[in-house]
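Enquirer: Show me how the following folds:
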Amino acid sequence: MTVPLQNRVNPYGEIVADPARGTMMGNRGGKFHRDDQTLGKRRWATRHWICCDLYWKGNHHEPMGKGYTSLFFLDEVTALAAGHRPCFYCRRKEAQFFLSLASPPLMAHEADRIVDKERRGPRPEVEVEDLSDGAMIGTSQGAFAIRGDRLLQWSFEGYSAAIPRRSVMSAELLTPRLYVGILARGFQPRWHKSAQSLGKGIS
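Expert: Numbering: from 1, shown residues only. Next up, the predicted model:
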């Protein structure tokens, strides 16, 4: 039996080993794994954390190759919560649109500097009703994604359950505030297919 590599990212930004497959990949600015394809104490190479297409122009990515440490996410909602923005190499139009929605619009290195500070600091407590679709929160029951009037419970395999948004008044905000603002101004992140069935009839 093949042991999964430690390269799956959860909404808290933690990198763990899990056999479930993600729908998007990314990296944290370069290589930070060891030669035996394991991680030491380091969890990033630089503050340029990105989210990429899993398949792009037939390119093959070594999960832990010479160039960088590949990371995998359930979906883009998860990646944003973990502090990863759209990649300018394989997703240029989406990346440009994403940063154009910042207030004021930002260059990639400017956004990366802001989010680096946000993810290093304490996570704020927020009113759940004020959050836009695609933002993620943390509760005692785990991580949830905002989708319409529901909260979708996150897991590595997909969203497993939906509860009314109004059932949680306030919670820990996982998605960086900069990215929450971008979501509020109209960016539509990519969702895992499991969110569709849980969110039927929800705008």
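
Enquirer: Next up, phi/psi of the closest residue to Ala20 other than its chain neighbours, please.
Expert: Nearest non-adjacent residue to Ala20, counting by C-beta to C-beta, 6 or more residues apart in numbering: Phe156, 4.1 Å away. Using the backbone N, CA and C atoms, a C-beta is placed for each residue, glycine as well. With angles defined as degrees, to the nearest 10, Phe156 sits at phi -60, psi -30.

Enquirer: Go ahead and confirm Phe156 touches Asp18.
Expert: Yes: in this structure, Phe156 is within contact of Asp18 by C-beta atoms under 8 Å, at 4.6 Å.

Enquirer: any shared contact partners between the two?
Expert: Arg8 (C-beta atoms under 8 Å, 6 or more residues apart in numbering).

Enquirer: from the middle of its chain, how far away would the host helix or strand of Cys52 be?
Expert: Assigned by DSSP states H and E, Cys52 belongs to strand 49-53. Taking the mean of its C-alpha atoms, strand 49-53 sits 9 Å from the chain's own mean (C-alpha atoms, centre = their mean, to the nearest Å).

Enquirer: mind listing the helices for this structure?
Expert: 76-81, 92-100, 108-120, 177-184, 194-198 (DSSP state H).

Enquirer: most packed of those?
Expert: helix 76-81 (a mean of 29; mean count of other C-beta atoms under 10 Å).

Enquirer: so what secondary structure elements neighbour that helix?
Expert: Judged by 3 or more C-beta pairs under 8 Å, 6 or more residues apart in numbering; DSSP states H and E, the packing partners of helix 76-81 are strand 24-28, strand 49-53, strand 136-139, strand 142-147.

Enquirer: just the CA coordinates of the strand holding Cys52, formatted as PDB?
Expert: Output of strand 49-53 as PDB, limited to C-alpha atoms (Å, rounded to 0.1, in the frame of the first residue of the first chain):
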ATOM      1  CA  TRP A  49       1.400  31.200  -2.100                       C
ATOM      2  CA  ILE A  50      -0.600  30.300  -5.200                       C
ATOM      3  CA  CYS A  51      -3.400  28.100  -6.400                       C
ATOM      4  CA  CYS A  52      -3.100  26.400  -9.800                       C
ATOM      5  CA  ASP A  53      -5.000  24.300 -12.300                       C
END
